[in-house]
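Trainee: got a structure for you, letters missing:
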């Protein structure tokens, strides 16, 4: 979507709706999918607090050191 947009194509998908959907679903996905969603949000230049999502992921899925 972003590559097509930067190449000059008209995009009919609203980026903010995609971001909103990803933020809604981040709490429903499994561990590997959460990292993918965080990466997508970063790629889409989301204004969401990505550090909070990373912290929540680390808290649940990384072993205590």
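Mentor: Yep, it's here. Since we're looking at a predicted model, the values are computed, not measured.
Trainee: Please name the residues that touch the residue nearest the centre of the chain.
Mentor: Nearest residue to the geometric centre of the chain (Cα atoms, centre = their mean): residue 41, 2.9 Å. By Cβ atoms under 8 Å, 6 or more residues apart in numbering, the residues touching residue 41 are 19, 22-23, 48, 50, 53. All C-beta spots, glycine's among them, are computed from the backbone N, C-alpha and C.
Trainee: so of the residues you listed, which ones are in helices?
Mentor: 19, 22-23, 50, 53 (DSSP state H).
Trainee: Redo those as a markdown table? Include neighbour count, distance to residue 60 and pLDDT.
Mentor: Formatted as a markdown table, these follow (neighbours: other Cβ atoms under 10 Å; distance: Cβ to Cβ, whole Å; pLDDT from 0 to 100):
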| residue | neighbour count | distance to residue 60 | pLDDT |
| --- | --- | --- | --- |
| 19 | 17 | 22 | 92 |
| 22 | 18 | 18 | 91 |
| 23 | 15 | 17 | 91 |
| 50 | 14 | 16 | 94 |
| 53 | 20 | 11 | 92 |
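Trainee: Name the residues that touch the helix or strand of the chain with the lowest mean pLDDT?
Mentor: In the chain, no helix or strand scores lower on mean pLDDT, DSSP states H and E than helix 2-6, which sits at a mean of 80. With contacts defined as Cβ under 8 Å, 6+ apart, helix 2-6 is touched by 11, 43-44.
Trainee: Of those, which is the most crowded?
Mentor: Tallying neighbours with other Cβ atoms under 10 Å puts residue 44 at the head of the contacts of helix 2-6, with 16 neighbours.
Trainee: My guess is that residue contacts residue 15. True?
Mentor: Yes: the pair residue 44 and residue 15 passes the contact test of Cβ atoms under 8 Å, sitting 6.0 Å apart.
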